[in-house]
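> quick check, what structure comes out for this input:
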Amino acid sequence: MADENDERLWVARCLKGDASAFEPLVVRYERVLFGVALRLVGNYEDARDATQNTFIRAYERLESFDPERRFFSWIYRIAVNESLNLRRARRPQEELGTWIEVAGGQVEAVEAGETAALVERAIGQLSEEYREVVVLRYFGELSYEEISEAVGVPEKTVKSRLFSARQRLAGLLG
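Numbering: from 1, shown residues only. Take a look at the predicted model:
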C-alpha cells in the first residue's frame, strides 16, 4: 500500500504535467470517498456524481494541496463539500438512503429494516456538522484524529460533536 510520501510524489508529478500520476490517487481513495458520498447524499447515482466531481475538482485544484498535510484530509474535504452541494441542489428534503446493512433471517431483516429506517430518519435530522462526524466515525471508521484532520477542527471538537450527536440521536430514537 502506498504511503504519504508516494502521494506527495504523485501530486508533484501531476503538477509537472504527468496526468497519469493522478490515477493511483483515484484508485486509492475512490472507494472510501464514494462511501462517504453515499452516506451523505443517500443515493447511489448522486454518490457516483459527487465522487467523480470530487476527483475533477481535486485535479483542477491540485496546486492548492499542501504537501505538509495528508492528501486524504484535503480530498476528503472536497468530497464532503461536493456531496453536500449536490444533496442541497438535487434533493433538499430527501432523507439519507438506506445504508445500514441487514443481516439475519426474514423476521430479523424486517425488524432491522424498520430500525434502519428509524435511524436513517434520525440521522437525517442531525445538523450537517453532527451528521458528518457520525458518518466518518461509524461508517468511514476513521479515528478521532483522522476526523479532526479531515474536517479541520480540533480533536476535542470532534469528540464533543460525536457526544452531542449521540445524545441527539438517543433523544430522537426515544
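> in which helix or strand would I find the most centrally placed residue in the chain?
With distances taken as CA atoms, centre = their mean, residue 36 lies nearest the centre of the chain, 2.7 Å away. Assessed by DSSP states H and E, residue 36 sits inside helix 23-41.
> which residues of the chain fall in helices?
Assigned by DSSP state H, the helices in the chain fall at 4-15, 23-41, 44-60, 71-90, 106-125, 128-134, 144-151, 155-173.
> and those helices, which one is worst for confidence?
Among these, helix 106-125 carries the lowest mean pLDDT, at a mean of 67.
> now do the same contact list for residue 90.
41, 46 (CB atoms under 8 Å, 6 or more residues apart in numbering). C-betas here are computed from N, CA, C, even on glycine.
> now do residue 4
Neighbouring residues of residue 4 by CB under 8 Å, 6+ apart: 70-71.
> hmm, back to that, surely the residue nearest to the centre of the chain touches residue 133?
No. At 11.8 Å, residue 36 does not count as touching residue 133 under the criterion of CB atoms under 8 Å.
> circling back to that earlier point, return the set of buried residues in the helix holding residue 36.
25-26, 28-29, 32-41 (16 or more other CB atoms under 10 Å).
> closest one to residue 129 out of these, please.
Closest to residue 129 out of those is residue 40 (12.2 Å), distances taken as CB to CB.
> the closest one - nearest residue in space that isn't next to it in sequence?
Leaving aside its chain neighbours, residue 40 sits nearest to residue 83 (4.0 Å; criterion: CB to CB, 6 or more residues apart in numbering).
> tell me how far the one you found lies from residue 90.
According to CB to CB, to the nearest Å, residue 83 stands 11 Å off from residue 90.
> who touches both of these two?
residue 41.
> quick one: contacts of stretch 144-164?
Contacts for stretch 144-164 (CB under 8 Å, 6+ apart): 69-70, 72-73, 76-77, 80, 129-130, 132-134, 136-137, 142.
> redo that, cut-off 6 Å
73, 76, 129-130, 133, 136-137 (CB atoms under 6 Å, 6 or more residues apart in numbering).
> any buried residues in it, and which?
For stretch 144-164, by 16+ other CB under 10 Å, it's 144, 146-151, 157-158, 161-162.
> contact partners for residue 67?
residue 8.
> let me know the pLDDT of it.
For residue 67, the pLDDT comes out at 87.
> how close does it sit to residue 150?
Distance of residue 67 to residue 150, given as CB to CB: 17 Å.
> buried residues in stretch 130-142?
130-137, 139-140, 142.
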